[in-house]
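In: Just the structure for this:
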Amino acid sequence: MAQGLIEVERKFAPGSDTEERLQELGATLEHRVTFRDTYYDTSELSLMLSDHWLRQRDGSGWELKCPGLAGISGPHNEYVELTSESAVVARLFELLGAEAQGPAGVAAVLGKLKLQGVASFVTTRSSWKLALAHEQEPLLRVDLDSTDFGYAVGEVEVVVHQKAEVPAALEKIASVCNMLGVPAQEKAPAKLMVYLQRFRPRDYEHLLKANSPSDATGDSEP
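Out: Predicted coordinates for the structure are as follows:
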């Protein structure tokens with residue numbers, strides 16, 4: 001995803017008939033893929049505690065999710081995604097209070113910034129594109145994920161360029177969720193948060209005690 005775009009998303013618990021409902025709505029299956037995500041942070045979870053999520057996805061490279069500006073409350077998330085390695089590195093040095101250095105990729109600065117892998121898991125995803133009746137761009141994307149640790153989650157997402165476009169994106173997301181039978185205020189946990197809860201419970205509790213708003217991780221929400 002291009003640097004600086006705003007991702008507006010809402011996670012939900014998919015049902016056995018979700019794909020059938022998507023087809024009835026005219027959604028098009030883009031692809032089914034399997035990939036591994038590895039998340040990095042300091043031992044004190046400095047990034048996650050500030051609602052920043054550093055991920056390396058096999059075949060796709062690095063991504064840093066940064067919190068969007070304060071906006072409309074509700075069962076959704078807003079994040080600005082950085083995918084340019086130079087932009088990711090610059091933000092990491094800023095967040096972690098380290099002295100900036102010359103040009104370098106993310107992998108080259110992990111040691112200097114004391115970043116280490118905190119979670120790694122495989123996801124199988126079916127990605128759908130959907131255009132609401134009489135609507136133009138941006139299209140909605142619906143991802144249905146299942147992980148190698150037994151958790152399944154769906155996500156409806158719209159990507160916009162400006163903050164002013166967020167309310168309209170939220171209306172579209174709410175409409176699609178309603179048509180999929182998702183309860184109005186349902187907010188399913190992100191894959192990463194469920195992983196931490198199951199396999200790194202002390203880190204998970206640390207995030208909860210710090211009142212982390214996150215559900216991100218590309219996914220987010222305790």
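
In: Tally up the residues packed near residue 161, please.
Out: 11 (other Cβ atoms under 10 Å). C-betas here are computed from N, CA, C, even on glycine.

In: so it makes contact with residue 6?
Out: Yes. With contact defined as Cβ atoms under 8 Å, residue 161 reaches residue 6; the gap is 7.2 Å.

In: Give me the pLDDT for residue 103.
Out: Residue 103 is assigned a predicted lDDT (pLDDT) of 80.

In: Grab the nearest non-local neighbour of it.
Out: residue 86 (6.7 Å; Cβ to Cβ, 6 or more residues apart in numbering).

In: Now do the SS call for that neighbour.
Out: What DSSP: H, G, I helix; E, B strand; the rest coil gives for residue 86 is helix.

In: Find the nearest non-adjacent residue to residue 78, please.
Out: Per Cβ to Cβ, 6+ apart, closest to residue 78 is residue 68, 3.2 Å.

In: any idea how far the one you found lies from residue 29?
Out: Distance from residue 68 to residue 29, counting by Cβ to Cβ, to the nearest Å: 29 Å.

In: So what sits opposite residue 31 in the bridge?
Out: Beta-bridge pairing of residue 31 under DSSP bridges involves residue 127.

In: re the thing from before, check the residue nearest to residue 103 and give its pLDDT.
Out: With respect to pLDDT, residue 86 has a value of 93.

In: Quick one, grab the pLDDT at the residue nearest to residue 78.
Out: On the pLDDT scale, residue 68 gets 71.

In: Tell me which residues touch it, please.
Out: Residues in contact with residue 68 (Cβ atoms under 8 Å, 6 or more residues apart in numbering) are 6, 77-80, 163, 166.

In: what's the farthest-apart pair in those?
Out: Put simply, by Cβ to Cβ the two of the contacts of residue 68 set farthest apart are 77 and 163, 14.4 Å from each other.

In: mind putting the contacts of residue 68 in TSV, distance to residue 21 and pLDDT included?
Out: Formatted as TSV, those follow (distance: Cβ to Cβ, whole Å; pLDDT from 0 to 100):
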residue	distance to residue 21	pLDDT
6	27	81
77	23	67
78	25	71
79	26	81
80	30	85
163	31	82
166	25	85
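
In: In helices, which of those residues appear?
Out: Cross-referencing the contacts of residue 68 against helices under DSSP state H gives residue 166.

In: PyMOL command for the buried members of the contacts of residue 68?
Out: The buried subset of the contacts of residue 68, as determined by 16 or more other Cβ atoms under 10 Å, is captured in PyMOL by this line:
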select buried, resi 6+77+78+79+80+166
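
In: now the residue nearest to residue 103: how far from residue 190?
Out: If you go by Cβ to Cβ, the gap between residue 86 and residue 190 works out to 27 Å.

In: of those two, who's got more company?
Out: Shown here are residue 86 and residue 190; by other Cβ under 10 Å, residue 190 has more neighbours (26 against 13).
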